[in-house]
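1. the amino acid sequence is not available; the structure is as follows:
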């Protein structure tokens, strides 16, 4: 067994101290590795940069020779030594769902950031021992136990408790984040068809409406369990951190999720509550889709380098679509609420012009390059949004091809039964074959256009929506400059900055992203601190803008070409639906 001891002496400094005891098993050398990325974030992270010191001793506390052989890997010379002790610290100063954080009120660790593993011994049991103030509660998906320690040696004046966490192997250890604090609120629930205990934990200066929250969580959880027939783990933990700054981030784990949402001052607003529901439904769906149903390229995870795969549209795209869809199907959201979310979703899809340059499959592959940042303009699609659009279209087309007997639930259930339950990774070809089987026909056109092609999907989506008696309704901005010139601007730090430009529009010929608009036809853009852009450009087909670009003032001429740009899309029910369409819509919305 590999054993960890975790302490911290001065929480305000944010350094967490680690000591790892490793039996050498009569080897002359061992190599220890810190992960260079974490699950659910397919991007190199370079966690080793947060380590301040690193030492190695034997069982007698005598120094042992070692050397660093890569950016996050060390070789230790162990000839004649029965056990080594590695001591190091980690700077825990990243408060989001994938980071680690230490302050005077809590300790939050994603073990993927900070635990070393021994090369060749990743399947050994791991024991993690943590010293904490006695009044702290520990929230973690691992098996845990607590003992009071009559000592205050490492933090003067505090009575400590000793928590012990046990993991079957390293993979389980780093897929179980831990939050420890004296300020935890907790409720639990169960649903039919499952013996799983679902736990909801909140850290922060908030007071949840537990009755409503648990009722809504039970509803969407039940709908998800109904799809798959069971839940894959005996317990599950929703771990919420609600800080005092704006943030929206969730990360899935095998039997838990960490969700960081802020700012706490907005906690009681309807929008904040909808965010809680949306991200929670999304992350719970991941308990099947990625935590168990994995692309073959990720089995097992190689934490030393990139793990390229094409099926991010399955991992994140399908999950993104299901997260909101299931809130509507379970009755947690009304039809009107869901349609409003779809309007936001359509905007994110159609205003990402990178989808026309790179397919969603290739965008998945390029996650490791720049998948989580904006990157250069219009380079790539999003596996989340473009993948969700592909899922919506596929669900509707399967309904039609199967005479309304099957849908995306059928696809996910087969993925679970054939791959997830058996812990067999699926390939892109496996997914295509499975979809063809469920649809009852060759879906080549769908995959070529929606997955492996970089195409405008508006026409195909609108055609698919007819199946459920709906249409993709198009409208244009009331601001004529958006419609006629094809750009949008936003206030940033007291300046009006160009934030969106449709390719090949009049604006695209003369404006650049981040240009700052000063004047329109020699009229100042601001009056009493308010933008007059809409007023100054209203109805005009030509205009001269004074802008700042790269620190220089320039004058440019805009000229409309008679076309309309940057349309808004929303889902609407057809005024006249056939009986079949009405029935299909009722089944689709749940």
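-> Structure received. All of these numbers come straight from a predicted model, not from anything done at the bench.
2. could you use CA atoms for every contact and neighbour count after this?
-> Noted.
3. quick one: low-confidence parts of the protein?
-> 148-158 (pLDDT under 70).
4. give me the contact list for the helix ranked longest in it.
-> The helix that spans the most residues within the chain, counting by DSSP state H, is helix 210-228. Here helix 210-228 makes contact (Cα atoms under 8 Å, 6 or more residues apart in numbering) with 187-194, 231, 277, 281, 284-285, 326-327, 329-332, 409, 412-413, 416.
5. those residues in helices, which ones?
-> Among those, the residues falling in helices (DSSP H) are 277, 281, 284, 285, 326, 327, 329, 409, 412, 413.
6. okay, those in TSV with distance to residue 312 next?
-> Formatted as TSV, these follow (distance: Cα to Cα, whole Å):
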residue	distance to residue 312
277	23
281	18
284	17
285	15
326	20
327	22
329	24
409	18
412	15
413	18
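7. now for these, which sits with the most neighbours around it?
-> Highest neighbour count within those: residue 327, with 29 neighbours (other Cα atoms under 10 Å).
8. mind listing what that one touches?
-> So residue 327 contacts 220, 277, 278, 281, 333, 338 (Cα under 8 Å, 6+ apart).
9. now render those residues as CSV, adding distance to residue 267.
-> Output for the contacts of residue 327, formatted as CSV (distance: Cα to Cα, whole Å):
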residue, distance to residue 267
220, 21
277, 13
278, 14
281, 18
333, 18
338, 21
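10. which one of these sits closest to residue 26?
-> Relative to residue 26, the closest of those is residue 281; by Cα to Cα it sits at 48.4 Å.
11. the closest one is in contact with residue 323, isn't it?
-> Yes: with contact defined as Cα atoms under 8 Å, residue 281 reaches residue 323; the gap is 4.8 Å.
12. who's in contact with the helix or strand hosting residue 555?
-> Under the criterion of DSSP states H and E, residue 555 resides in strand 552-559. If you take Cα under 8 Å, 6+ apart as the criterion, strand 552-559 is touched by 485, 506-507, 510-511, 541-548.
13. also stretch 172-189?
-> Stretch 172-189 has contacts (Cα under 8 Å, 6+ apart) with 39, 105-112, 115, 126, 135-142, 166-167, 197-204, 210, 214, 218, 253-256, 258.
14. do me a favour and get the end-to-end distance for it?
-> Start-to-end span of stretch 172-189 (Cα to Cα, to the nearest Å) is 24 Å.
15. now do stretch 399-419
-> 23 Å.
16. same check on stretch 477-489?
-> Using Cα to Cα, the end-to-end distance of stretch 477-489 comes to 13 Å.
17. which residues in the stretch 301-450 of the chain form strands?
-> Assigned strands in the stretch 301-450 of the chain: none (criterion: DSSP state E, counting those that start in this stretch).
18. the domain parsing of this structure - what is it?
-> Domain assignment of the chain by automatic domain parsing yields the ranges 2-181, 183-287, 295-467, 480-559.
19. can you list the ones you listed in JSON lines and add distance to residue 566?
-> Formatted as JSON lines, these follow (distance: least, Cα to Cα, whole Å):
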{"stretch": "domain 2-181", "distance to residue 566": "31"}
{"stretch": "domain 183-287", "distance to residue 566": "26"}
{"stretch": "domain 295-467", "distance to residue 566": "8"}
{"stretch": "domain 480-559", "distance to residue 566": "6"}
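20. can you get me a residue count around residue 490?
-> 15.
21. what do you get for residue 138?
-> Residues near residue 138, counting by other Cα under 10 Å: 23.
22. for residue 552, the count of nearby residues, please.
-> With other Cα under 10 Å as criterion, residue 552 counts 7.
23. residue 373 now?
-> 8.
24. before we move on, what about residue 576?
-> Neighbour count for residue 576, taken as other Cα under 10 Å: 10.
25. isn't residue 400 right up against residue 466?
-> No: in this structure, residue 400 is not within contact of residue 466 by Cα under 8 Å, at 10.2 Å.
26. tell me the bridge partners for the residue lying closest to residue 93 once chain neighbours are set aside.
-> Nearest non-adjacent residue to residue 93, counting by Cα to Cα, 6 or more residues apart in numbering: residue 101, 4.9 Å away. Applying DSSP bridges to residue 101 gives these bridge partners: residue 93, residue 108.
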